[in-house]
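*Asks:* Return a 3D structure for these sequence lines:
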Amino acid sequence: MDRHFAEPLDIPALARVALGFEVTNDVDMGFTRWLTVALPHDPDRHLLLEVPGPPALSEEVAGQVRDVLTKGALGVVCVLTTDDCHKAFAQLSAQGVEFTQEPTEQPYGINCTLRDPFGNQIRIN
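*Replies:* Purely as a prediction, here's the structure:
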């Protein structure tokens, strides 16, 4: 499956449907575009979604960056918190979200990890 970014930039169903994010900004400057999303209960905290590419990067370098990002090279890009990690894991799993780590006891609490369609790791604590 090709997991590269879609054009035009779409909010992945994972962020929109499963995790409950809403679009807060959709900025199209012609030569570049980005979106921000936020949770309805925390509208002042935004998560930036953008496609690596011009003008910041050449097409060649942008392609290389997208390739390594798709493979998960960036590491954890987002940490979400919940009162019940096991419950969040069960609810998201039932919606078809695939996890790379099931709920695991850590010294700081219980967490699980998933990867979005573009390879970004999202941890839920």
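*Asks:* Dihedrals phi and psi, Leu114?
*Replies:* Backbone torsions of Leu114, given as degrees, to the nearest 10, read phi -130, psi 160.
*Asks:* how about Glu102, phi and psi?
*Replies:* phi -70, psi 170.
*Asks:* correction: Ser58
*Replies:* phi -70, psi 160.
*Asks:* can you tell me how far it sits from Val65?
*Replies:* 10 Å (C-beta to C-beta, to the nearest Å). For glycine as for every other residue, the C-beta is placed from the backbone atoms N, C-alpha and C.
*Asks:* Please say which of these two ends up with more neighbours.
*Replies:* With neighbours defined as other C-beta atoms under 10 Å, Ser58 and Val65 compare such that Val65 has more, 17 against 11.
*Asks:* pLDDT value on the residue sitting furthest away from the middle of the chain, please?
*Replies:* In the chain, Pro107 marks the outermost C-alpha relative to the chain mean, sitting 24.9 Å out by C-alpha atoms, centre = their mean. pLDDT, Pro107: 95.
*Asks:* Same check on Arg45?
*Replies:* According to the model, Arg45 scores 91 on pLDDT.
*Asks:* in the protein, which spans are strands?
*Replies:* 22-28, 33-39, 42-50, 76-80, 99-106, 109-115, 121-124 (DSSP state E).
*Asks:* Let me have the ones you listed in CSV, extended by distance to Arg16 and mean neighbour count.
*Replies:* CSV is the format used below for the strands of the chain (distance: least, C-beta to C-beta, whole Å; neighbours: other C-beta atoms under 10 Å):
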stretch, distance to Arg16, mean neighbour count
strand 22-28, 8, 12
strand 33-39, 8, 17
strand 42-50, 11, 13
strand 76-80, 14, 14
strand 99-106, 18, 12
strand 109-115, 15, 18
strand 121-124, 14, 20
